[in-house]
Every structure is written in structure tokens, then in C-alpha cells.
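In: my questions concern the predicted model and sequence given below.
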Amino acid sequence: MDTSFDKKNLKKALLQQQNEINDYTIYKALALFQKDENNKKIFEKIAKEEKSHYDFWVKITKKQLHAQNLIVWWYVFLVKIFGTSFTLKSLEKRESGAEEFYKELFEIYPESKKIYEQETQHELELIDMLNDKKLLYAGAIVLGMNDALVELTGTLSGIAFAFDKSLVVGLTGLIMGIAASLSMAGSAYFEAKENPSEEINPLVYSLYTGVSYILTTAILVVPFFIFDSIIEALILMFVCAFLAIVSYNFYISVAKDLSFIKRVLQMSAITFGVAIISFLIGYLVKYYFGIEI
């Protein structure tokens, strides 16, 4: 072993070794929980590769490490909440610095080239082959969320100046949101029934749509129950809408390898464009008809 490597990079090598044994244990745990045979085989394959990466570092550091159970169970928990694609791609992408470290070792340890190739491409390709139930219903979530954002920000902006009372605006938005969520859930159910898929349950699809709509509604109307000032409530509503857009698009851009900035800009332009137009209509209604509640 190169002694200069020991002195300069031992700490970095041990960190990478720890990551590899953590990842191996995470994939092994996920394989045990899998009912889908395809997913089980993929997890086992990636786990085997991660173990070989760990063994590579053992030869260099001459040390044995144990998986950090808190980190392992944290990622298992995230898979249950956010799905496999988002969680595992986040897990793999955090290793970008490690990939550069492997490149530095090509001449000293030729085996590192194979590991580098697995880290950069092969494992992400395997993750793309997983059957991710939560990602299958991403379309239902965006359907409910996007409709709620566009309709509610527009409606609340439009009636804010016509009604001129925050509580009335909030209650009106909440009632409309609940009604619209039920309507959207019903439409989503029939849409799924009209386009049958073995992987998508129409009832579950409709529930994802309805729940995402009502949760987005709740986020948007809360400011009107907090502030008496219409302006303050509208500003916080727009902030909440933007944060919802950023959060969802961060999730979907990681899970599906899509452009985060482009999606945020598109969704924001539609949402806030409709809101501004509705705001102007509401202002004109109040100005010309003198409606105040």
C-alpha cells in the first residue's frame, strides 16, 4: 500500500468505507421487506455490489467497520414515506465526491475503475428498473396539487378584494376546496377506470388526487385564518404556494431525473399568472360594483 495515501487520505477512505457498509445494509434491509420479486432481486444485486466496494476499502484501510443502524433505518423509513426512487437516488447522488475519490485511485488500484463505473451509472440504472408504487401515483398527486394551486390561488386572489375580509375569504376558499377535492377525486377515479392499468388501482389513484387537493387547499387558506389584513394573508398564501411548488418539484425531479428549475418556473408561471389575472378581476368587480362583505 502507498504510505502517502495512508497519511493524506485515510480519513476520506474510512468515510467512504463507512458509506459502503451503510449502503450494503440499507439495500439488504430493503430486500427483506420486498414483496415484489423484481424489486427484491434488484436490491440484492445492488447490495452485493456495495459489499464488494466495502471489501475493496477493507484491503486498503485494514479495518472492519459496522453499519450505522440509525442511518440505515432512517433510509428505510424514507423509502416507506417517499418511495424507493426518490430515496435511493438521493442516497446514490450524495456519493458524487466519492466518485472523484475513486478516479484518483485508478493507477494505484485498477479495481477502483470498475467500482467507479458501478457508482456513476450501473446502480442508478438498476434503481430506474424498480417498481415504485408511490411514483406510479405521482400523476394523481400532481393532478390534485396543480389544480388546487391554480384554482385556489386564483379564486382566493379574486375574491380577496371583492370580499375584503380575511375570515370570509378563508371560509369561502375552504368550502370550495373541499367540494372541488371530492369532484377531482371522482374524476380521477373515472379517468383511471377509463385507462385501466394492472399497476394502478383506480380507488387509490382517486384518493391520492383528492387528498393532495385538500392538503394543498389547507396550506393556501390557513393565512386567511391567521391574519386580519388581506394583503398580509395574500402574501403568505403566495409564499406557501411557492414552497409547495418547490417541495413537490424537488421530489419529482430527483425521483424521475427531471429538470428542477424548469419545472418550478413552469408551475409558478401558471399558478401565479392565473392568480394575478383573478386578482385584477376581483379588484375591478369591487371598483365598479362596490361589492364588499
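Out: Nice, I can see it. Numbering: from 1, shown residues only.

In: going by C-alpha atoms from here, please, whenever you check contacts or count neighbours.
Out: Noted.

In: nearest residue to the residue sitting nearest the centre point of the chain in space, please, no chain neighbours.
Out: Most central in the chain under CA atoms, centre = their mean is Tyr251, positioned 1.8 Å from the mean C-alpha point. Take Tyr251 and drop its neighbours on the chain: the residue closest to it by CA to CA, 6 or more residues apart in numbering is Phe86, 6.5 Å away.

In: helix, strand or coil for the residue nearest to the centre of the chain?
Out: Tyr251 falls in the helix class when you classify it by DSSP: H, G, I helix; E, B strand; the rest coil.

In: tell me where the model's unsure across this protein.
Out: Judged against pLDDT under 70, the low-scoring parts of the chain cover residues 1-9, 93-100, 121-126, 129-130, 161-162, 196, 282-283, 285-293.

In: tell me which element Tyr186 falls in.
Out: To be clear, residue 186 is Gly; Tyr isn't right here. Applying DSSP states H and E as the criterion places Gly186 in helix 166-194.

In: thinking again about what came up before, for Ile46, see how far away the residue nearest to the centre of the chain is.
Out: Distance check for Tyr251 against Ile46: by CA to CA, to the nearest Å, it reads 23 Å.

In: repeat that for Ser112.
Out: Computed with CA to CA, the distance linking Ser112 and Ile46 is 17 Å.

In: please apply the same query to Leu14.
Out: The spacing between Leu14 and Ile46, counted by CA to CA, is 21 Å.

In: for Thr87, what are its contacts?
Out: Thr87 makes contact with 75, 78-79, 255 under the criterion CA atoms under 8 Å, 6 or more residues apart in numbering.

In: how about the nearest residue to Ile277 once chain neighbours are set aside, what does it touch?
Out: If the residues on either side of it in the chain are set aside, Ile277 comes closest to Gly154, at 7.6 Å by CA to CA, 6+ apart. Taking CA under 8 Å, 6+ apart, we find Gly154 in contact with 271-272, 274-279.

In: hmm, which of those are the buried ones?
Out: 271-272, 274-275, 278-279 (16 or more other CA atoms under 10 Å).

In: looking at the residues you listed, which are in helices?
Out: Mapping the buried ones among the contacts of Gly154 onto helices (DSSP state H) picks out 271-272, 274-275, 278-279.

In: looking at those residues, which is nearest Asn146?
Out: Thr271 (8.1 Å; CA to CA).

In: can you verify my assumption that the closest one contacts Leu149?
Out: Yes. Here Thr271 lies in contact with Leu149, judged by CA atoms under 8 Å, at a distance of 6.2 Å.

In: before we move on, which element is the closest residue to Ile270 other than its chain neighbours in?
Out: Setting aside the residues directly before and after it, Ile270 is nearest to Val150 in space (CA to CA, 6+ apart), at 7.1 Å. Taking DSSP H and E as the definition, Val150 sits inside helix 138-163.
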